[in-house]
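Undergrad: got a structure for you, letters missing:
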Ligand SMILES: NC(=O)C1=CN([C@@H]2O[C@H](COP(=O)(O)OP(=O)(O)OC[C@H]3O[C@@H](n4cnc5c(N)ncnc54)[C@H](OP(=O)(O)O)[C@@H]3O)[C@@H](O)[C@H]2O)C=CC1
Ligand SMILES: N[C@@H](CC=O)C(=O)O
């Protein structure tokens, strides 16, 4: 029986999960592919660390040794950062290998170049694990997009942020304690800046946008905000109002343009993301024929991510390279530009006597914390004038009790 030889670059949470799953699901892989899948080599950085890897596998910190193996069919990349990973994968493609990556930062930055190069060398690229952990969102979008026109893709795509917000609310954990637990569980990156400052969600959004719309928003126009401004006090206020903070990345086709945003927002019980808790991710795709569909599942961690990589392994081996690499949609979405309705916002740190004819005051819900109704451009102006004002959109509307409407703010012009 022929053998598929695989190299795994990186042996941390994801790399080790992939290695273990190739052993534990060897029979299924052989049955589906008609060949045995064998890990030929593992690339690591620190040669001193103990690893649970079979003796016949080459373990090296020198990538050139892997490229010189007599047979190498597929390279799985599970390292952090744009380089040397991009260079490693270019070399793998030039060697004639299919590639699979879990590295969203690298893929958001260099995916286009890798896909082009892979087409040239007639090999396939798998990147299911770059977005949504174990959720098969990339394959679903590819399936969906043969005829449907996508209008919006919106999701909780950073497992660490959702985990931290849940721990802070449910267990009254501090931000720092919740983050530490996310790291111990293998959800957060070793340097968690990208997770908690919104950049990880941004990279994932750019990858999704390219598949959903065939293009990305202008990177510089996307507002990126993480969860570091959200205090236990704000979480408690929101909870009393029946609202929850969720960190949401969103891309929409408006007219001929794709717009994106990454920020914490508030959702009520009726919103599909309200009950998405812990490390779970959820992605909502709105398209013209099917309407709204939501996919939900574990968004980070060893085996959910390994699952995405293993499914990719089968996909890249079974598909022709041009098919696997087609990340553009068949259609450009044609969404008409709609007038954005007034939105509700929770604002914190606002002085009581602030009056503005474009803003309607709805409720006072805490000290210097108010619910207001305004258009986004006006609230952004307000945010600029009132540093360090914290502003969170309540994305599915707000039912006012009006019990706490402050007298001094009751002017609604
Ligand atoms: N953790 C998760 O849940 C998910 C992670 N991802 C992405 O997958 C990738 C891997 O993440 P994760 O496994 O968590 O990361 P880890 O930090 O757990 O592991 C990183 C691995 O890469 C190795 N490494 C780092 N630099 C180099 C280098 N220059 N040459 C060779 N090896 C190197 C490290 O080696 P050593 O062991 O010697 O230190 C380590 O084995 C990242 O891009 C991440 O964003 C995607 C989806 C989910
Ligand atoms: N650090 C990431 C891991 C998966 O992509 C996250 O928390 O979502």
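TA: Yes, it's here. All figures in this text were calculated on a predicted structure; none of them were measured in a lab. Ligands and ions are numbered 1, 2, ... in the order given.

Undergrad: can you pull out the helices in the stretch 1-150 of the chain?
TA: Per DSSP state H, counting those that start in this stretch, the stretch 1-150 of the chain carries helices over the ranges 13-24, 26-33, 63-67, 85-94, 104-121, 137-144.

Undergrad: what is the mean pLDDT for the fifth one?
TA: The one in question is helix 104-121. Mean per-residue pLDDT for helix 104-121: 97.

Undergrad: other residues contacting that helix?
TA: 77, 80-83, 85-86, 89-90, 93-94, 96, 99, 101, 124-125, 127, 130-131, 194, 199-200, 202-204, 206-207, 210, 321-322, 325, 327 (CB atoms under 8 Å, 6 or more residues apart in numbering). No exception for glycine: its C-beta is placed from N, CA and C like everyone else's.

Undergrad: what of the last one?
TA: Contact with helix 137-144 is made by 127-128, 130-131, 150, 153, 155, 207-208, 211-212, 283, 285, 287, 290, 293, 295, 311, 315, 326, 329, as judged by CB under 8 Å, 6+ apart.

Undergrad: for that helix, what is the average pLDDT?
TA: Here the average pLDDT along helix 137-144 is 90.

Undergrad: next structured bit after that helix?
TA: Downstream of helix 137-144, the next assigned helix or strand under DSSP states H and E is strand 150-156.

Undergrad: gap between the helix or strand following that following strand and the chain center?
TA: The helix or strand immediately downstream of strand 150-156 is helix 159-170, counting by DSSP H and E. Using CA atoms, centre = their mean, to the nearest Å, the mean C-alpha position of helix 159-170 is found 15 Å from that of the whole chain.

Undergrad: and helix 159-170, what does it pack onto?
TA: helix 175-184, helix 193-196, helix 232-240, strand 243-254, strand 280-287 (3 or more CB pairs under 8 Å, 6 or more residues apart in numbering; DSSP states H and E).

Undergrad: adding mean neighbour count, write the ones you listed out as a markdown table.
TA: Formatted as a markdown table, the helices and strands packed on helix 159-170 follow (neighbours: other CB atoms under 10 Å):
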| stretch | mean neighbour count |
| --- | --- |
| helix 175-184 | 16 |
| helix 193-196 | 20 |
| helix 232-240 | 16 |
| strand 243-254 | 24 |
| strand 280-287 | 23 |
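
Undergrad: was I right to think residue 262 contacts residue 249?
TA: Yes. Assessed by CB atoms under 8 Å, residue 262 is found in contact with residue 249 at 4.6 Å.

Undergrad: joint contacts of these two?
TA: Looking at what touches both residue 262 and residue 249 (by CB under 8 Å, 6+ apart), the common residues are 201, 202, 205.

Undergrad: before we move on, the earlier item: looking at the contacts of helix 137-144, which are in strands?
TA: 150, 153, 155, 283, 285, 287, 293, 295 (DSSP state E).

Undergrad: among those, which two are most distant?
TA: Farthest-apart pair in the ones in strands among the contacts of helix 137-144 is 155 and 287; separation 14.3 Å (CB to CB).

Undergrad: tell me the residues of the stretch 1-150 of the chain that contact ligand 2?
TA: Applying CB under 6 Å from any ligand atom, one finds that the stretch 1-150 of the chain approaches ligand 2 through residue 133.
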